[in-house]
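# Have a look at this prediction, sequence included:
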Amino acid sequence: MTRRALLGVALVAACATATKQISPDRLSALPESDRELAESLFDAEQVVAGRLGQVTEAQEYERPGQLIFGAGGTKATAALAYSAEIRVDSTLMGRTSRTVQITFFAPRGAAIPRQDTTAIWILHRRVLWHLKECAERQSVTSTACPSDNGLALDSNSDIRPLAEWPRLRALVGALGLEAGRH
């Protein structure tokens, strides 16, 4: 029994160290104003400049219902899921391609990126759960829920103005992300 417990602890420790983390020394060398952006860049799969194509609702990733109930009776509006294609002009980090498929989420009524928005897009590799299908199956565990592995925006701060390209290039260089990254 002790051997099994040690194996479990070793497995958890190995998985925990597999997540991407910026070394504290490297992060503290950056100006305070750049640290949050640096963490987002470090976690990014791709950073591209380009124009957003048609935005469509991706209902397969949406949780059914309009409200989510949390601890203590708190309520939140369920986020809507959207998919779009970016026509890439330049790649700062990651795989170079002409187009990139992305997914993002926003609460009902919130502003979302519009078709033809030209920007720098910081894209993260995420598991995208088919929440609608999970609810229809009444799945209670993630193992019964189908998912996709796709590129997503984590927040509005992952959409940057084109004028920030030199700043992002400098941060990518300071973090040592340009060579052999993906």
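Looks like it came in fine.

# Tell me which residues of the helix or strand hosting Val47 come out buried.
If you go by DSSP states H and E, Val47 is part of strand 46-52. For strand 46-52, burial by neighbour count (16 or more other CB atoms under 10 Å) applies to 46-50, 52. Glycine gets a C-beta too; all of them are placed from N, C-alpha and C.

# TSV please, covering the residues you listed and showing pLDDT and distance to Thr91.
Formatted as TSV, the buried residues of strand 46-52 follow (pLDDT from 0 to 100; distance: CB to CB, whole Å):
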residue	pLDDT	distance to Thr91
Gln46	96	7
Val47	97	7
Val48	98	5
Ala49	98	8
Gly50	98	9
Leu52	98	16
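
# quick one: which of those residues is nearest Ala81?
Leu52 (15.5 Å; CB to CB).

# coming back round to it: what's the strand holding Val47 packed up against?
Packing contacts for strand 46-52, counted by 3 or more CB pairs under 8 Å, 6 or more residues apart in numbering; DSSP states H and E, involve strand 79-93, strand 99-107, strand 118-129, helix 165-175.

# between those, which gets nearest to Leu151?
Going by CB to CB, the one of these nearest Leu151 is strand 118-129, 4.2 Å.

# Could I get the CA-only coordinates of the helix or strand just after that closest one as CSV?
Reading on from strand 118-129 to the C-terminus, the next helix or strand found by DSSP H and E is helix 131-137. C-alpha atoms of helix 131-137 as CSV (Å, rounded to 0.1, in the frame of the first residue of the first chain):
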residue,chain,number,x,y,z
LEU,A,131,-20.8,20.8,-23.0
LYS,A,132,-24.0,20.6,-24.9
GLU,A,133,-23.5,16.9,-25.7
CYS,A,134,-22.3,16.2,-22.1
ALA,A,135,-25.6,17.7,-20.8
GLU,A,136,-27.7,15.7,-23.3
ARG,A,137,-25.9,12.5,-22.2
